[in-house]
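[1] Here is the input, now give the coordinates:
(4 chains)
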Protein chains: 4
Amino acid sequence: MAGSSFGNIFRVTTWGESHGAGIGAVVDGCPAGLPLCEADIQQYLNRRKPGQSRFSTPRKEDDQVEILSGLFEGRTTGTPISMIVHNKTQRSQDYSEIASYYRPGHADYTYDCKYGFRDYRGGGRSSGRETIGRVAGGAVAAKMLAEIGVTFTTYTRAIGPVTAQSFDADEIFRNPLYMPDREAAEQARDYLNRCMKETDSSGGIIECVVEHLPAGLGDPVFEKLSANLAKAVCSVGAVKGFEIGDGFAAAEARGSENNDPFRTDDDGRIFKASNHAGGVLGGISDGSSLIFRAAVKPTPSIFSPQQTVNTSGEEITCRIKGRHDPVIVPRAVVVIESMAALVIADALLGGMAATMEHVKKIWG
Amino acid sequence: MAGSSFGNIFRVTTWGESHGAGIGAVVDGCPAGLPLCEADIQQYLNRRKPGQSRFSTPRKEDDQVEILSGLFEGRTTGTPISMIVHNKTQRSQDYSEIASYYRPGHADYTYDCKYGFRDYRGGGRSSGRETIGRVAGGAVAAKMLAEIGVTFTTYTRAIGPVTAQSFDADEIFRNPLYMPDREAAEQARDYLNRCMKETDSSGGIIECVVEHLPAGLGDPVFEKLSANLAKAVCSVGAVKGFEIGDGFAAAEARGSENNDPFRTDDDGRIFKASNHAGGVLGGISDGSSLIFRAAVKPTPSIFSPQQTVNTSGEEITCRIKGRHDPVIVPRAVVVIESMAALVIADALLGGMAATMEHVKKIWG
Amino acid sequence: MAGSSFGNIFRVTTWGESHGAGIGAVVDGCPAGLPLCEADIQQYLNRRKPGQSRFSTPRKEDDQVEILSGLFEGRTTGTPISMIVHNKTQRSQDYSEIASYYRPGHADYTYDCKYGFRDYRGGGRSSGRETIGRVAGGAVAAKMLAEIGVTFTTYTRAIGPVTAQSFDADEIFRNPLYMPDREAAEQARDYLNRCMKETDSSGGIIECVVEHLPAGLGDPVFEKLSANLAKAVCSVGAVKGFEIGDGFAAAEARGSENNDPFRTDDDGRIFKASNHAGGVLGGISDGSSLIFRAAVKPTPSIFSPQQTVNTSGEEITCRIKGRHDPVIVPRAVVVIESMAALVIADALLGGMAATMEHVKKIWG
Amino acid sequence: MAGSSFGNIFRVTTWGESHGAGIGAVVDGCPAGLPLCEADIQQYLNRRKPGQSRFSTPRKEDDQVEILSGLFEGRTTGTPISMIVHNKTQRSQDYSEIASYYRPGHADYTYDCKYGFRDYRGGGRSSGRETIGRVAGGAVAAKMLAEIGVTFTTYTRAIGPVTAQSFDADEIFRNPLYMPDREAAEQARDYLNRCMKETDSSGGIIECVVEHLPAGLGDPVFEKLSANLAKAVCSVGAVKGFEIGDGFAAAEARGSENNDPFRTDDDGRIFKASNHAGGVLGGISDGSSLIFRAAVKPTPSIFSPQQTVNTSGEEITCRIKGRHDPVIVPRAVVVIESMAALVIADALLGGMAATMEHVKKIWG
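    Numbers count the residues shown, from 1 in each chain, chains lettered A, B, ... in the order given. Next comes the predicted model:
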């Protein structure tokens, strides 16, 4: 089935493998008249670039985006925006061995089950490089959302057992782990050094806060904003969990604690006095900040020997070579933000047709 | 936007409000030739029925399903299966007051924001009764999946702070909380009694295990099986979190712990020696059991006085009347199972076209 | 595959067979706040009712619609509008024989090929009664479009060889054939009388004119307004052809004849001096009237003996019993109009997100 | 709205403008294991190339396709197949004038209405070059269909008033107009010479015959094979009409003439003794040849002076410069075939899930 498109009205379609010609994204349904240039996309892509710290793979990936269509005189035309990032540092020789066995924690085995064979070079379509397409698409969505004031703050909340205890937005871009707490960032750095020394890897948690979102986005029942965020987030390679607001902690809470009282501000505007819900009620945005988290598993590629099976069905011990991040969480931060932007852009455009009042405002 | 359909190939569309004529579901895309009758659906619906213990609302809801189309001589014909459950015990008088204010933790406020007004009777479309449509659709999906041997075991894993410590499948249907651990079920009962006494409510966690699923279901990138499960689960009213396999615990784990080694059994079949992944690799089913969890928030309707705002924008104290479950987790167990069945049915049918070998097997 | 839904944003899902419990439609994505009642739907359904002249089957079908959801205090709530028309005059005895053979021109054979068996009672899902769901959905769409001034004029342009030569809108509802030309209507009546006498049937052409449509509806490439109209129209049972504007005549024309010159009116508004295009340029509405036609084949159920094959594969001569229209064109007029309304409603709502200017008008 | 994707399971997404970097197509949902190479695509693209006769524009367009993803060792992997054709001969200077006015018969005006501005260079996204994406996608679909024996024969049936009177399949590729009748091709050539001399253009009719299609493809109600063909065909730029089988002629026919009798052949297989229906009954393929036609309007770009309006709203006389085909029908032949292949590929893959028997054959 066609599984590489996301969104109904604002829709991104991505393509490309780790060792093919490149990775691309086609954004269709972006409203006309949005100022957009390659730098808008590049700024997002740079945040997922490797090689920015010793905790990400030292591979050099230029990852320069080229916009091939959909712009005219610096603005979107309403037609598909095609973007490509050429693969420049394909080193198939590094990966030739993995053709012969199934790496634990990777999709090698399931691709073979599904398709009968697989492009084993660098993981093919299941490579982390696939997320370039998500980020390119998300960058366009975020640019559109910025026009009506919606902002995103996304960061590493935890690396393994180390969780940020404080929040300083400025700190996020000051440390290579994108943590909002300098002290926690230092502890996480030490933890990752230990992981690397032990040829092991670490997971972590990413948190995203979306502010200035209009109330009323998302639809009842299946197309809840929270449901689409859950899908978006859990579609990212290594994500094993999603929660919004208090999330799993809400399962232990009482109703009297978890309900957010409504209040009015000095201008008579309704707001919630707390935000256990994380910005949605009944799956629809409630005007407070949207807050959600993604649980990211440890990088499956570790240098320690592992038990596995080769494609002939023999049990073997494998040792994965090559260069791999001991943690992918920091690089995944912008991927999660991009997916959120895609979901919200789609909900925002879809929400335009929610009432006859809106319909008449445009067409009446 | 049209938000009441779920699935691409096996698709359910639901409709209906708490106090309208009824709740319905239309299942489109079910293969022809599946034996199906109302009892198949009713058996599922009965599991979400209230009034089965003192922890669920004493409202009498018959919830008898009627199949209106799509069957001929006891089998599905391949055309839409329309099902209806008539609303019999509508008591609008109970709900007249809530027209005037926004109940904390409910969708009253967001519906007003989105649509300009709302059907306030019993919560309208945002009522828990909406899940009848999901369960009716899920029952059809589960019946189809049973034909190729796929089975579901779904249960309450935790009620508030009480978590099941052991697993006895037979116990699940022996206690009204659907817990697989008798002792935990008793503790949970005590906990809920305390909540009720304190006019409060509790959340909990639901766990679902799917067995005998073929490997290779789900698609790379956006249509991962895990991503669609996340959406399905988080689209259910009170769900605030989703995790698959080790989920959030994986974020704290090392790669060496989290990776599942591959092995071969005596027949040379490949299997995973552990299942931290919860049955998916790269978002595609790997042949082991699918295991996921949903975090359910405490019932927002509590009898304690709460701070809120009325529709005129005045801050008030409200006291919600009527009859409400102190916990919705047990009744939501079958809803989660139904959503899982819908996701898997869709992935199973979509997966038929994954290879040319399959294509030739059908059309060659 | 799920084939009973139409539309992306304004979406109708229909269900039901000729001899099941009823025929239904679920309209999802209708904006909230639209005044709507059963009479709005009934007025449309009445136009497809049989028994209004001797050229339509004398079967009595009440076809009273009931709205089951989606309304509150006389207005749409934004949630699914479920409608049902109960089947009251099922006479399975009339149809028992057709279980044994394949009626020429009907879907009996292809349903058996596709599904392995079929609901042979009255044609099951392939019965003309299926169009009740389309008309119910189309009535909602037309009601919404009327709010911004869009109007439909649909009529019989030709019955067999008799084509309307003049156009008098008032005449359409004065003759049972819905022709805009009284003289042609009389000739068509005579022609149909001959067809009936010869136990034969006739085809015809339906024309639809949509006025006061905003310019700019429809999308480039695959989602052209004209493309979706073509699909909508050709999805109706007996339709074998579609053309917009000059249609097939344009194939014989020169560019100098077929191009419509642009002009400006006294208020400086741009208009087309002619309308060979039929209201679309590049598949997008151009502000002039939308004009398209549907070619309807002769009713396949004729009383003359026909050569066919029975389900055992033997060649036989069949004589179809029961009551059948010698022409279905007049009853199909409102079906074509309904499909057009569904297409336009979807394009209108989708078009709201076409520009950043629109986005800011709603959300800025 | 996202309008540049076509198909549900086998889905193509196209992008690109006349004067951008290139034109591209992403095919998602193609089954894994299909042998495919650039030559397969190029062969199709060559059929729409200009410059092959004096009746097509003398512009040199290399139109060499490059496959960027989705293949491994000569076979499709099941992941998106991205294809690009670079635009090499962009000559923006030719088109600078048309920025200032609306060309009759073109989408200039409607794009401005919809999007507020337009990429006027060569018509931007509304250029005929857009069809490169369709053909690239269609070539993949046709390659897949060829694997199970489905074949396409597509040709020019009429140029202006000249219609092919005989059918010789070999003749189609022998004359530059792709007509199956040599004599008609010569008359058409003379007719086009007259058109050119008079600085005018001509329309025409394309016919497509699909053979060896399995019976049972297409779905009841909205997703009829014929409905999707109608949409596919009418989504092509200059198409103003679609008909299947006898099409508009059926509207004038009697039932006794139009119904196709069923017969059995010597092997007991059921077939239709005639094919007025054009290969579908109830919108589902019936095992006979699929036959449909597209009406193509005359090229709107003519060298004769035309009345129009400039973007300031002044009435002017325009004279379109540049190089333009006096007829686009021959080059559109392969575009129509490509669209048919896309529709059928999607129906074929979707039809795999039609019965429980199929489901068990794959998963049982």
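
[2] And A:Ala2, what's its pLDDT?
    A:Ala2 carries a pLDDT score of 87 in this model.

[3] swap in A:Thr89?
    Reported pLDDT for A:Thr89: 67.

[4] what's the neighbour count on A:Met1?
    25 (other CB atoms under 10 Å in any protein chain shown). Bear in mind the C-beta positions are built from the backbone N, C-alpha and C, glycine included.

[5] For the closest residue to it other than its chain neighbours, pull up the helix or strand it's in.
    Closest residue to A:Met1 in three dimensions, ignoring its sequence neighbours and counting by CB to CB, 6 or more residues apart in numbering or on different chains: B:Gly350, at 3.7 Å. Per DSSP states H and E: B:Gly350 is located in helix B:329-350.

[6] Show me what that helix is packed up against.
    helix B:38-48, helix B:131-146, strand B:151-159, strand B:204-211, helix B:225-234, strand B:290-296, helix D:356-363 (3 or more CB pairs under 8 Å, 6 or more residues apart in numbering or on different chains; DSSP states H and E).

[7] okay if I get those as JSON lines plus mean pLDDT and mean neighbour count?
    Below are these laid out as JSON lines (pLDDT from 0 to 100; neighbours: other CB atoms under 10 Å in any protein chain shown):
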{"stretch": "helix B:38-48", "mean pLDDT": "96", "mean neighbour count": "19"}
{"stretch": "helix B:131-146", "mean pLDDT": "98", "mean neighbour count": "26"}
{"stretch": "strand B:151-159", "mean pLDDT": "98", "mean neighbour count": "23"}
{"stretch": "strand B:204-211", "mean pLDDT": "98", "mean neighbour count": "23"}
{"stretch": "helix B:225-234", "mean pLDDT": "98", "mean neighbour count": "30"}
{"stretch": "strand B:290-296", "mean pLDDT": "98", "mean neighbour count": "28"}
{"stretch": "helix D:356-363", "mean pLDDT": "98", "mean neighbour count": "19"}
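
[8] Which positions in the stretch 201-350 of chain A make contact with chain D?
    Within reach of chain D by CB under 8 Å from any CB of the partner chain, the stretch 201-350 of chain A has no residues at all.

[9] if you set the cut-off to 10 Å instead, what comes out?
    Proximity of the stretch 201-350 of chain A to chain D, by CB under 10 Å from any CB of the partner chain, involves residues A:Asp346, A:Leu349, A:Gly350.

[10] List the contacts of the second one.
    By CB atoms under 10 Å, 6 or more residues apart in numbering or on different chains, A:Leu349 lies in contact with A:7-10, A:29-31, A:141, A:144, A:217, B:1, C:9, C:350, C:352-354, C:358-359, C:362-363, D:1-2.

[11] Kindly reformat the helices and strands packed on helix B:329-350 as a markdown table and extend each row with distance to chain C.
    Below are the helices and strands packed on helix B:329-350 laid out as a markdown table (distance: least, CB to the nearest CB, whole Å):
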| stretch | distance to chain C |
| --- | --- |
| helix B:38-48 | 12 |
| helix B:131-146 | 9 |
| strand B:151-159 | 22 |
| strand B:204-211 | 23 |
| helix B:225-234 | 16 |
| strand B:290-296 | 23 |
| helix D:356-363 | 6 |
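
[12] Which positions in the stretch 51-200 of chain A make contact with chain D?
    Counting by CB under 10 Å from any CB, the residues of the stretch 51-200 of chain A near chain D are A:66-73, A:75-84, A:86-87, A:111, A:114-121, A:124-126, A:130, A:133.

[13] What's the ChimeraX line that selects buried ones from those residues?
    If you want just the buried ones from these in ChimeraX, going by 16 or more other CB atoms under 10 Å in any protein chain shown, the selection is:
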select /A:67,68,69,70,71,72,75,76,77,78,79,80,81,82,83,84,86,87,111,114,115,116,117,118,119,120,121,124,125,126,130,133
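
[14] In chain A, where is pLDDT below threshold?
    By pLDDT under 70, the low-scoring segments of chain A are A:50-54, A:56-61, A:89-94.

[15] what about the closest residue to chain B within the stretch 251-364 of chain A, neighbour count?
    Residue nearest to chain B within the stretch 251-364 of chain A (CB to the nearest CB): A:Gly282, separated by 2.5 Å. Counted by other CB under 10 Å, the residues lying close to A:Gly282 total 27.

[16] Need the nearest residue in space to it, chain neighbours excluded.
    B:Ala107 (2.5 Å).

[17] next one: A:Ala184
    A:Ala164 (4.5 Å).

[18] The one you found and D:His324, how far apart?
    Distance of A:Ala164 to D:His324, computed by CB to CB, to the nearest Å: 63 Å.

[19] Looking at these two, which one has more neighbours?
    Using other CB under 10 Å, the more surrounded residue of A:Ala164 and D:His324 is A:Ala164, with 25 against 19.

[20] Isn't that one up against A:Asp181?
    Yes: using CB atoms under 10 Å, A:Ala164 is in contact with A:Asp181, at 3.8 Å.

[21] Identify the contacts common to the two.
    Taking CB under 10 Å, 6+ apart as the criterion, A:Ala164 and A:Asp181 both touch A:Tyr155, A:Thr156, A:Arg157, A:Glu171, A:Ile172, A:Gln187, A:Ala188.

[22] filter these by proximity to chain B?
    Okay, of the shared contacts of A:Ala164 and A:Asp181 touching chain B (CB under 10 Å from any CB), that's A:Arg157.

[23] would you turn the shared contacts of A:Ala164 and A:Asp181 into JSON lines with distance to C:Ile206?
    Listed next are these as JSON lines, based on distance: CB to CB, whole Å:
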{"residue": "A:Tyr155", "distance to C:Ile206": "61"}
{"residue": "A:Thr156", "distance to C:Ile206": "62"}
{"residue": "A:Arg157", "distance to C:Ile206": "62"}
{"residue": "A:Glu171", "distance to C:Ile206": "68"}
{"residue": "A:Ile172", "distance to C:Ile206": "63"}
{"residue": "A:Gln187", "distance to C:Ile206": "74"}
{"residue": "A:Ala188", "distance to C:Ile206": "70"}
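
[24] What residues of stretch A:163-174 count as buried?
    Result for stretch A:163-174 [16+ other CB under 10 Å]: buried residues A:Thr163, A:Ala164, A:Glu171, A:Ile172.

[25] Figure out the length between the terminal residues of that stretch.
    17 Å (CA to CA, to the nearest Å).

[26] can you check stretch A:120-128 too?
    Stretch A:120-128 has an end-to-end distance of 13 Å (CA to CA).

[27] is any part of that stretch close to chain B?
    Yes: using CB under 10 Å from any CB, stretch A:120-128 reaches chain B at A:Gly123, A:Gly124, A:Arg125, A:Ser126.
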